[in-house]
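1. dropping the sequence and predicted coords here.
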Amino acid sequence: MRWALDVMAMDRLEIRMYGDDAAWAMFRDVTARHPRLKVSIGSYGPSLVRLSGWDGGYLQGGDFADARRKARRAAKAGYTVRPINADGYRGELLEIHRSTPARQGIPMKPDVLTEEGVARAFGNRQGNGVFDAGGRLRGYMLWIDAGEVIVLRGVMGHAEFLRDGIMYLLFSETIREAIEKCERGGAAWLQYTWHHRQGDGMRRFKHELGFRPYRVAWRWDRSRAR
């Protein structure tokens, strides 16, 4: 019932996807029909950040005070954000995965608890990492560029360092970069999981960073596919 009420209140929009094979696979995933309900569940409640229209700058204003404070705390502690390639950080990704037996109450999948599994799951996917003052990777996010949307696929922080605000810094810096690219003609949206598939804690985290749930009509733009 709560999910149905949430869906009714969501703004509607259309997002065109295009790009390489990874983008096409992502489009097929978000538009796949539920085997029992016969509807595309991926259209109902994807959590998105709009990358345009941030008058005054991203995370400005009272609604985002907590996110700003937590990101600044991490920066003051010496954490920095920079680009990564998953293939070059397999060992550190594995260390992050093994830092806790469960995430959001769900046990870690065995297939990402070996270096071979990490390689199969992420390949050479691009993204950003958050590094401590000693240069060790402590959190990561990987993405797929899919036309008008950047889809985050692979996000996790080392359990021992989450209290430092590392994921707030990682998300805020990545979203700022995406906003700058949007102003130069890049993607208009950034998506991270689905509103109704998350617990209250994760929904609150995303809300603090500007994510909102929408009803989305996903479209594949064949004219711009690669």
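-> Perfect, I can see it now.
2. buried residues in the biggest helix by length in the chain?
-> If you go by DSSP state H, the chain has its longest helix at helix 166-183. Residues of helix 166-183 classed as buried by neighbour count (16 or more other C-beta atoms under 10 Å): 166-176, 178-179, 182. In short, each C-beta sits where N, CA and C put it, glycine included.
3. stretch 130-143 too?
-> V130, F131, D132, L137, R138, G139, Y140, M141, L142, W143.
4. from these, which is closest to A77?
-> When the buried residues of stretch 130-143 are ranked by distance to A77 (C-beta to C-beta), D132 comes first, at 8.0 Å.
5. how about the closest one, what does it touch?
-> By C-beta atoms under 8 Å, 6 or more residues apart in numbering, the contact set of D132 is G78, Y79, R138, F161.
6. what's the answer for P110, then?
-> Taking C-beta under 8 Å, 6+ apart as the criterion, P110 is in contact with G117.
7. could you redo the last one with a cut-off of 7 Å?
-> Contacts for P110 were tallied using C-beta atoms under 7 Å, 6 or more residues apart in numbering; there are none.
8. tell me the pLDDT of it.
-> Looking at P110, its pLDDT is 88.
9. what of Q60?
-> Reported pLDDT for Q60: 89.
10. kindly export stretch 132-141 (C-alpha atoms) in CSV.
-> Provided in CSV are the C-alpha atoms of stretch 132-141 (Å, rounded to 0.1, in the frame of the first residue of the first chain):
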residue,chain,number,x,y,z
ASP,A,132,42.1,8.1,2.7
ALA,A,133,45.0,10.3,3.5
GLY,A,134,47.3,7.4,2.9
GLY,A,135,46.0,6.8,-0.6
ARG,A,136,44.0,3.7,0.2
LEU,A,137,40.7,3.2,-1.5
ARG,A,138,37.9,3.2,1.1
GLY,A,139,34.7,3.5,-1.0
TYR,A,140,33.8,3.3,-4.7
MET,A,141,31.0,4.0,-7.2
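11. Q191 contacts G147, doesn't it?
-> No - taking contacts as C-beta atoms under 7 Å, Q191 lies outside contact range of G147: 11.7 Å.
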